Each structure stands twice: as structure tokens, then as C-alpha cells.
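> Below is the sequence, then the predicted model.
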Amino acid sequence: MDTLPGLLVFCAGFYVTISIWLLLKSVFTARQIPFTNLEIHTSREVDDRIMILEESAPTKTLQDWWSCMHGKPPRGLEDLSLTCTICLQPVTMNSPVHTLRFTIVISSVGLIYKHLLYPYWFSPLAKVPNAHVSAPISTTWIERQRTAGKEVLTIYAAHQKHGPVVRLGPNELSVNSITGLKTIYTGAFEKHSWYSDFFVNFHVDNLVGMAHNQPHARQKRMLSQIYSKSFLHESSDVREISRLVLFRRLFPIIHRTATNGDAINVLPLFQAVGMDFVSAYLFGTKHGTTYLDQLPEWSIWLEEYERFKYLSRQDRRGGFIETWCLALCRKMQDDEDEDDNHPPNDIPVHTKAVVYDQLYTSLKKMPDDRPIDLAVASELLDHLVAGHETTGVTVTYIMFELSKQPDLQDQLRRVLLPLTPKLEYPSTMDGAEPFLAPMPSPAEIDALPLLDAIVRETLRLHVPTPAPLPRVTPNHPSGTTIDGFDHIPGGVRVSSSAYTLHRIPDVYPEPLEWRPERWLNPGPGKIQDMRRIFWPFGSGGRMCLGSNFALQEIKLVVAAIYTNYATSIVDDEGIEQDHAFISLPKGRKLVLNFHP
Ligand code: HEM
């Protein structure tokens, strides 16, 4: 048992013992208590009489008792000056004689009930197994797990021990089941206030940080279409971005590394791929980033970002990352004022600022109380952050797993080579710029079962977002039922975690093994549950907006790499994930060799 929660339980036990002792003492010894609590400065006679009165009916005031015994207090006693020796407060003729003892007893009983008996035995949450002995009465234990970065693993261990629903704190549950997921994430549950501390940029709300579902749904409707699978598959902008980022920026680096026999840390490389991809979709290729061409600047950006992630919204305000994002957005504004007929800078292809234009125009048509510039910047910063890190981590773990299995790489290459046109680099088109080479359609790549299984299995075992996604139970008069636990009141923090869901052995046998074939040959009747519990992007109304974008990009990048190269591990020290909200390899590296 941790020292602090243990101490808490000890103190609680001590408190209960003392309170019960006080209670019993007051009940059983009331008649023998000598009346020593009042020092009477007037006369001995008064002292004796009050003692008799007090023993027989302790709640009456002194005045009541004098009236009852004598009609009215003797002259001089109206100004009686008494001092209670327990609380040292003056006692007048209107003071209840022994209120103090009753107050202590009654309030002790009340406090014991409220803070001990109710949470452990009578609350609707009391039926839920406790993840820790102190969970019903204190948040200290779970908060300590959070601060120590152990929340994800602790919750996993708690579910393994106690089943699908566990109590993490006096007002907090964790849920690990299909029915629980459905209730929480497709119902009327709103986000917990925790989000607004970490995901709101520029002090202005965005999709991830908004607590309430209504303004969230309004803004999500503005963006859903341009992030839908069909739109992305057909988008000529995405096609141009893909060719530019892959064949003009990424492949020259990999080609150089492979021909020189050098090793390369693929984590920052594929984070840069993610950033160049997503920023070009947000701002167009003219104003998107070109970090693959500027890897030293990218390292500085990543260092700043590591700091940014752990700052409060207050401390992030006006810092490096927010200023950088605002500058990207301001360039779009400046651009509107310019004559845009001249060709773009050194970028050979000019795509539209799909997301920026869509959001800016929609907010202009339907403004709310946020300043438009900051509302756009706040939203787009989340896309830049989510877009580079999660995809970079996923590609890194795909390459980590494939690098351990050369046979599987060969198998994958065999299904990639028939794609038409091939994803080969340098292009087989004579004399053509490699980035102008046509590419297979995203739909064709998406439909490859082996590639799909590899991506899914990696997102299952190495999910970049393993942590709980907290919501709050709504205020229904009869409470909410979650996975058989009923009458759960409003305002309870509830969450599920992809890390734990993805390790349910009934759904994913041998869950700690990376086995893409489980998706290709699931047992009879298994695939539905496997898909329902597959939760890298969350689910329901607050599900990831960029899931289709991410999958399209990841599949394309992996397909292009393994069409052209084999990979092997040079250094994977620290490859285990850190289990932060976006979970990276602890060592921040995976060093690979590429073999043509
Ligand atoms: C492998 C890649 C990705 C993973 C695993 C991932 C995961 C997630 C998850 C789990 C959520 C839900 C958070 C919650 O409910 O609390 C989320 C939300 C979100 N993600 Fe992603 N994401 C990925 C890529 C992206 C990309 C590429 C973008 C943008 C281009 C993006 C933008 C967003 C946004 C805007 C939200 C908030 C959606 C909303 O509240 O409606 N994500 N993401």
C-alpha cells in the first residue's frame, strides 16, 4: 500500500474509533457526568442547580430551565457570566446548556456517514470494485498515479484484477467493455473539464477542448466533410501533397541514407512527414511547412514542443508553439491581400488551403462569441499537433515490428508490387521529376488486406493515444446505468482507455503479441467485437476528426517504403512507449537501416 493513502486510511480509522467512542460515552455516561463544563462565577447554588438540570435534559437553554423550575431567574442571574470549559465561549441564559457535546456527536456521525459510510457502503458507486482501498474516499491515490505517469498501466492492472468496471476515486470510474463504451461515448455524456486545461490554445475553445456537446457539434459539422474518407480519396490536393512530400522530400533522404549505408532515426523523420502532410492540407503547399527539407529546424521545433506539451494553458500562452501557429495563420491573411497570380515560391505545386479556408469561411458565415482569427488558430494548432505526432509514432512502430520480420516485409512487398502505377522511387518515367510520377489511388491502397492488418495491429498494440478519455455522467433523475451498475448520479467522471480495451484477451487472444494475421483470419464470429473494441481514434460524436486522413497517409507512406526498401533495426533502445496522452517511445528514437 502506498504510504500516503495508507496513512489516510489509518487516520480515517482513528477518526471513526474516536467518534464512536465519543458517541457511546455520551449515551452511556450522560447521567454520571459531573457538570464541570461550566465555570460559574456567581454562586455555588447556581452551579449545583444547573448541573441537575443539565443532566436530565441537556438541550434546553438555561432560561428554559430557570423558568421551568422557578418561574423566572432570580435577580442578578440575567447577567450570568459563564464560560464553557470545552469551547471557552461565553454562555448566556439563552445558550442551550450542552449543545457542544451534542454538536460534536451529531456532526461526527454526519461526517462519518458522509465521508466514510456513504462512499464505502451506501453510494451507488459502492457496488463497483475499488481499484485501491482508499478510492471511495480520496483522489490522492489516482492523482499520484497520474503525476507519476503510471495512470495507463495502473488502470490496466486494476481491470485485470477487478473486471470491466472499477472505481478509481470517490467520483470516478473506469470502464472496459463494449456495452460500457457504447453507453459513455455514444450517449449524452460531455467531456470532463480536464480537456480544457490541456487542449485549449490561445485561451479559445477548439474541438478537442470543448466541454459541451452543442457548440462542439456545430464546429464539427463545419469540418467533417473535408476529413471524410470519400473526400480525401478523391481530393486532387491530397494527391499532390502526397507526391510532393513522398517523392520530392522524403525519398531523397531515404535514398541517400540507403545508398551510403547510413542508419537513421525514423521517429523525428516520420513526425516531420506528418507535419508536412497535415500543414499542407491546412494551409496549402505554399504556406505549409517544409520540415523534411529543414531537419535541424525540425529538431528545434520538437524540443519546443516537448516543453509545450507539459505546460498549462496559461503558461503556453504566447510561447514558441502558439506564436509559430499564429504566424502560419497570419500568412494566410496576408496572402488574401496580395495579388496571387505570381507562381508559388520554391514549391512546384500549389494546392488549396483546404482546412483553413473551410473553417474561416464557415465561422465568418456563422460567427460565435470567439474572435474568428483565434478560433481558427486554436483549432488548427490541434490539427498540427495531432497530425504530426500520432502518425509519426504509428509509422515508427509499424517499421519496428516489420523490421523484426523480414519474411513479412517480403510478403507485404509482394502485395504492393502489383499496384498500378507502382509506388517506385526513383520514378521509372524517363526523365520525369520523380514527384510527378502518377500514384495508385488511395482507395486501391486502402483495400489491401495485409497492409490494413499491419496498420490495425500496430494501432492496437502500440496505440499512440492509450490514456483514458474522460467524460462526465449526465444528470438523469434516475441516474445512469453503466455495464450493469445502475443509479450512477450525474457529474461522475467516467472513462475508457484504448490501452486496456486493446488487451481484452477474449477479444484479442494473446493480446501482448503483435499478430497482424488476427485481422486476416479472425475466429468465427470474432471480427465484430474486434472492430467494436478497436479504439485508437475513440468513438461517437467526439471521435478523431483526422482518422481518415491519418490512415490514408500512414498506408501510403508504409506502402511506398516497403515497395522500395527493406528495413532492419540498428538501435531500438527505449522503444517501449511512455504512456503519456500521446505516447511516444521512451528513448525518442528507432534507428534503422534501409536496404534497397
Ligand atoms: C494515428 C493517428 C491519430 C490518432 C491515433 C488519433 C487519436 C485521436 C483520439 C483518440 C481522439 C479522441 C479524443 C477524445 O475523445 O478525447 C482524437 C480527436 C481528434 N483528433 Fe485525432 N488522432 C490521430 C490523427 C489525427 C490527425 C491526422 C488529425 C488532424 C488532421 C487529428 C485531429 C483530431 C481532432 C481535431 C480531434 C478532436 C475531434 C473532436 O473532438 O471532435 N487526429 N484523435
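The structure has been received and is ready for your questions. Just so it is clear, the model here is predicted, and its values are computed rather than measured.
> For the residue in the chain that the ligand sits nearest to, list the residues it contacts.
Taking C-beta to the nearest ligand atom as the measure, the point where the chain comes nearest the ligand is Gly546, at 2.1 Å. (Each C-beta comes from the backbone N, C-alpha and C, glycine too.) Each residue near Gly546 by C-beta atoms under 8 Å, 6 or more residues apart in numbering is listed here: Tyr227, Val278, His383, Ala386, Gly387.
> so who does His462 touch?
Val393, Thr394, Tyr397, Phe400, Gln577.
> The same query, at a cut-off of 6 Å, please.
Tyr397 (C-beta atoms under 6 Å, 6 or more residues apart in numbering).
> if I look at the residue of the chain closest to the ligand, how far off is Leu267?
Note on Gly546: its distance to Leu267, by C-beta to C-beta, to the nearest Å, is 20 Å.
> ok, and the helix or strand in this structure with the lowest average confidence?
strand 38-40 (a mean of 41; mean pLDDT, DSSP states H and E).
> neighbours around Gly574, how many?
Neighbour count for Gly574, taken as other C-beta atoms under 10 Å: 14.
> what's the residue lying closest to it once chain neighbours are set aside sitting at in phi/psi?
Distances taken as C-beta to C-beta, 6 or more residues apart in numbering place Gly587 nearest to Gly574, at 1.9 Å, with adjacent residues excluded. Backbone dihedrals for Gly587, given as degrees, to the nearest 10, come out at phi -80, psi 0.
> now do Ile445
According to degrees, to the nearest 10, Ile445 has phi -70, psi -40.
> touching the ligand at all, stretch 178-190?
No. On the criterion C-beta under 6 Å from any ligand atom, stretch 178-190 is out of touch with the ligand, staying 7.6 Å away.
> And the contacts of that stretch?
With C-beta under 6 Å, 6+ apart as the criterion, stretch 178-190 contacts 211-213, 471-472, 474, 482-483, 494, 496, 532, 539-540.
> cool, stretch 509-524 as well?
The contact list for stretch 509-524, computed with C-beta under 6 Å, 6+ apart, reads Glu401, Ala453, Ile454, Arg456, Glu457, Leu461, Arg503, Pro505, Met530.
> before we move on, the earlier item: ok, and which of the contacts of Gly546 reach the ligand?
Within the contacts of Gly546, those near the ligand by C-beta under 6 Å from any ligand atom are Val278, His383, Ala386, Gly387.
> Look up the closest residue to the last one, ignoring the ones flanking it.
I take that to be Gly387. Nearest to Gly387 is Val278, by C-beta to C-beta, 6+ apart, at 3.1 Å.
> okay, now the one you found: neighbour count?
Per other C-beta under 10 Å, the neighbour tally for Val278 reads 26.
> Show me which positions of the strand or helix carrying it end up buried.
Take DSSP states H and E as the rule and Val278 turns out to sit in helix 266-283. Residues of helix 266-283 classed as buried: 266-283 (neighbour count, 16 or more other C-beta atoms under 10 Å).
> Same check on stretch 319-334?
Neighbour-count burial for stretch 319-334 [16+ other C-beta under 10 Å]: Ile321, Glu322, Trp324, Cys325, Leu326, Leu328, Cys329, Met332.
> What of stretch 142-155?
By neighbour count on 16+ other C-beta under 10 Å, the buried set for stretch 142-155 is Ile142, Arg144, Gln145, Arg146, Glu151, Val152, Thr154, Ile155.
> ok but the fourth one is inside a helix, no?
Which is Arg146. Yes. Arg146 forms part of a helix when assessed by DSSP: H, G, I helix; E, B strand; the rest coil.
> Roughly how far does it sit from His579?
When Arg146 is compared with His579 (using C-beta to C-beta), they lie 11 Å apart.
> The third one now?
Distance, Gln145 to His579, by C-beta to C-beta: 11 Å.
> ok so, going back, could you flag which of the contacts of stretch 509-524 are buried?
Glu401, Ala453, Ile454, Arg456, Glu457, Leu461, Arg503, Met530.
> Tell me the residues on the stretch 151-300 of the chain that lie near the ligand, please.
Going by C-beta under 6 Å from any ligand atom, the residues of the stretch 151-300 of the chain near the ligand are Leu207, Val208, Lys220, Val278.
> Out of the residues you listed, grab the one that's most surrounded.
The most crowded member of those, judged by other C-beta under 10 Å, is Val278 (26 neighbours).
> Wait, it touches Glu389, no?
No. Using C-beta atoms under 6 Å, Val278 is not in contact with Glu389; the gap is 10.2 Å.
> what sits in contact with each of these two?
Common neighbours of Val278 and Glu389 (C-beta under 6 Å, 6+ apart) do not exist.
> one step back: just name the closest of the buried ones among the contacts of stretch 509-524 to Ser138, please.
Arg503 (27.7 Å; C-beta to C-beta).
> Check the gap between the closest residue to that closest one other than its chain neighbours and Leu501 for me.
Spatial nearest neighbour of Arg503, excluding adjacent residues (C-beta to C-beta, 6+ apart): Pro511 at 4.1 Å. To Leu501, Pro511 is 10 Å away according to C-beta to C-beta.
> more neighbours, these two?
A count of neighbours by other C-beta under 10 Å puts Leu501 above the other of Pro511 and Leu501, at 26 against 16.
> That one reaches Ile533, doesn't it?
Yes. With contacts counted by C-beta under 6 Å, Leu501 reaches Ile533, the gap being 5.1 Å.
> Around the ligand, pick out the residues from this structure.
207-208, 220, 278, 382-383, 386-387, 390-391, 394, 464-465, 469, 536-538, 542, 544-546, 549-550.
> Which residue ranges of the stretch 451-596 of the chain form helices?
498-501, 517-520, 527-533, 547-564 (DSSP state H, counting those that start in this stretch).
> winner for burial among these?
Highest mean neighbour count of the helices of the stretch 451-596 of the chain: helix 498-501, a mean of 25 (counted as mean count of other C-beta atoms under 10 Å).
> Does anything pack onto it? Which helices or strands?
helix 151-162 (3 or more C-beta pairs under 6 Å, 6 or more residues apart in numbering; DSSP states H and E).
> Backbone dihedrals for the residue nearest the centre of the chain, please?
For the chain, the residue nearest the mean C-alpha position is Leu469 (4.2 Å; C-alpha atoms, centre = their mean). Dihedral pair for Leu469: phi -110, psi 90, per degrees, to the nearest 10.
> give me every residue that touches it.
Counted by C-beta under 6 Å, 6+ apart, Leu469 has contacts Ser495, Gly538.
> measure stretch 234-253 end to end?
28 Å (C-alpha to C-alpha, to the nearest Å).
> tell me the average confidence for that stretch?
Across stretch 234-253, pLDDT averages out at 94.
> just stretch 277-291 next, same as before
pLDDT averaged over stretch 277-291 gives 96.
> So what would you say the end-to-end distance of that stretch is?
Stretch 277-291: ends 10 Å apart by C-alpha to C-alpha.
> So, low pLDDT: which residues of the protein?
1-13, 15-16, 19-107, 336-346, 427-436 (pLDDT under 70).
> Determine the longest helix present in it.
Counting by DSSP state H, the longest helix found in the chain is helix 372-403.
> angle of that one against helix 547-564?
40 degrees (axes from the mean of the first three to the mean of the last three C-alpha atoms, to 10 degrees).
> Which strands or helices does helix 372-403 pack on?
Short answer (3+ C-beta pairs under 6 Å, 6+ apart): helix 372-403 packs on helix 266-283, helix 320-337, helix 354-365, helix 547-564, strand 566-571.
> Pull out the buried positions in it.
Neighbour-count burial for helix 372-403 [16+ other C-beta under 10 Å]: 373-403.
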